[in-house]
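Enquirer: Give me a model of this one.
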Amino acid sequence: MKKLTALAAIAAAGIAALATVQIAGAEGGHSHYGRHHGNAAGRSPHLDHVFVIMMENTAYSDLLDPSNSNTSFIRSLASTYGLETDYYGVTHTSLPNYVAVTSGSTWGSNADDEAQADQGYFDHLNLVDQLEQAHVSWKGYMESMPSAGYTGNYGDCSSTDPDCTSSPTGNALYVRKHNPFFQYPDVFDNAHRTGDVVPLTQLTTDLNTGRVPQFVWITPNICNDMHGGAPQCPYPNTPTDQYQAALYQDGDTFLRTWVTAIMHSRAWTGHSAIFITWDEGGYEDSSPYAPEDDTGCCDSPVLPSSPANPATGGGGDLAGGTEYGGGHVPMIVVTRDGPHGVTDSTPTNHYSLLQTIEQNWRLPYLGDAGDTVQVHSLAPLLSGH
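Expert: Modelled structure (predicted):
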């Protein structure tokens, strides 16, 4: 299978060998840019390197079930390092979560349609803007991306069709909706910035040469992130069939390969951390394929009891509305010099991850990351208290 061949190639290159609520609060729109972290960052040490690995569509209870032999490495990380036990995706579906964690809002989206980005609905201040203003180096590493700066919505449909020009898009292993940086026009339309979004294979070179930036985002391909749907990794038909087992195994193997590579590289210096999470919980295996879990916290959107009606001025009442969270997922924090074997039960979500990143480099908060009443950082897993 293609994904296993890719991992084998990585191992041959030497990488694997290194192993051994605001319930009443409306979503988005908060403008906290300019509000700083205050004393919050003092609770945890400064991180030299921050790595974020975003996996896909799998529930906390399924991944960390002691009887799930297909996620042994993931469960080992969760028990050995830091684990947020009450962490959530912001909402459904995938794309809004990638936007939330890099801009502090979903901007009203609950869809994966890239037309939203193309039409400027995500034309907002974002994490790339912040990092570059603060002179913090960054790079996005996208598995199965055909080339650096590739701006197509789909990629790697086959070995002979890397740009998916003559194949069904359902064959694609790379999907733009899992690339947070290319949702923002000021990144997508800037050749200098798109050049910092590269195929994951580049990380092998960067780890070996000591050229890893301070902030690293890693997106696995559609098989290795546990999402599934490509011919190499079909969607499961039941929660216990061979396709579901294969997705667990693919994700577990991917994380074993790359977490080990990072931890045995020159970038794993001083206070460094790897944040591993899943964008949202799982989906039903049969039509209409609805989300299994829409719980949330910490400024997840609230769907009004009746939609706002511009014709009458009515509707839109949050009282009696329904929280539309992204479901309960793991957040695992692997540190070099930080605490081991710790858990934190504070309700947290992707806005918490953004807040933690911003605290580390003393950046102003973006959007809901600045709602320090509802949104709390992941500092307890970095400091142990």
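Enquirer: Quickly find the element holding the residue nearest to Ser44 when sequence neighbours are not counted.
Expert: Using C-beta to C-beta, 6 or more residues apart in numbering and skipping residues adjacent in sequence, the residue nearest Ser44 is Leu382, 3.6 Å away. Every C-beta, even on glycine, is put in place using the N, C-alpha and C of the backbone. Using DSSP states H and E, Leu382 sits in helix 380-383.
Enquirer: Please state the mean pLDDT value computed over that helix.
Expert: The predicted model assigns helix 380-383 a mean pLDDT of 93.
Enquirer: which residues touch Thr102?
Expert: Thr102 sits next to 126-128, 180-181, 183-184, 354 when contact means C-beta atoms under 8 Å, 6 or more residues apart in numbering.
Enquirer: Dump the C-alpha coordinates for the helix or strand harbouring it into CSV.
Expert: Element membership of Thr102 [criterion: DSSP H and E] is helix 94-103. Written as CSV, here are the backbone C-alpha positions of helix 94-103 (Å, rounded to 0.1, in the frame of the first residue of the first chain):
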residue,chain,number,x,y,z
SER,A,94,-12.8,19.6,9.9
LEU,A,95,-11.9,22.9,8.2
PRO,A,96,-13.4,25.2,10.9
ASN,A,97,-11.2,23.5,13.5
TYR,A,98,-8.0,24.2,11.5
VAL,A,99,-9.1,27.9,11.1
ALA,A,100,-10.0,28.1,14.8
VAL,A,101,-6.6,26.9,16.0
THR,A,102,-4.8,29.4,13.8
SER,A,103,-7.0,32.5,14.0
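Enquirer: how many neighbours does the nearest residue to Gly210 once chain neighbours are set aside have?
Expert: Of all residues not flanking Gly210 in the chain, Arg266 sits nearest, at 4.3 Å (C-beta to C-beta, 6+ apart). Neighbour count for Arg266, taken as other C-beta atoms under 10 Å: 12.
Enquirer: one step back: and the helix holding Leu382, what does it pack onto?
Expert: Under the contact definition 3 or more C-beta pairs under 8 Å, 6 or more residues apart in numbering; DSSP states H and E, helix 380-383 sits against strand 82-88, strand 328-335, strand 342-344.
Enquirer: Mean neighbour count and distance to Thr169 for these - can I get that in a markdown table?
Expert: Below are the helices and strands packed on helix 380-383 laid out as a markdown table (neighbours: other C-beta atoms under 10 Å; distance: least, C-beta to C-beta, whole Å):
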| stretch | mean neighbour count | distance to Thr169 |
| --- | --- | --- |
| strand 82-88 | 24 | 29 |
| strand 328-335 | 24 | 26 |
| strand 342-344 | 17 | 39 |
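Enquirer: Export those to JSON lines and append columns for distance to Trp217 and mean pLDDT.
Expert: Shown next, in JSON lines, are those (distance: least, C-beta to C-beta, whole Å; pLDDT from 0 to 100):
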{"stretch": "strand 82-88", "distance to Trp217": "18", "mean pLDDT": "98"}
{"stretch": "strand 328-335", "distance to Trp217": "15", "mean pLDDT": "98"}
{"stretch": "strand 342-344", "distance to Trp217": "23", "mean pLDDT": "97"}
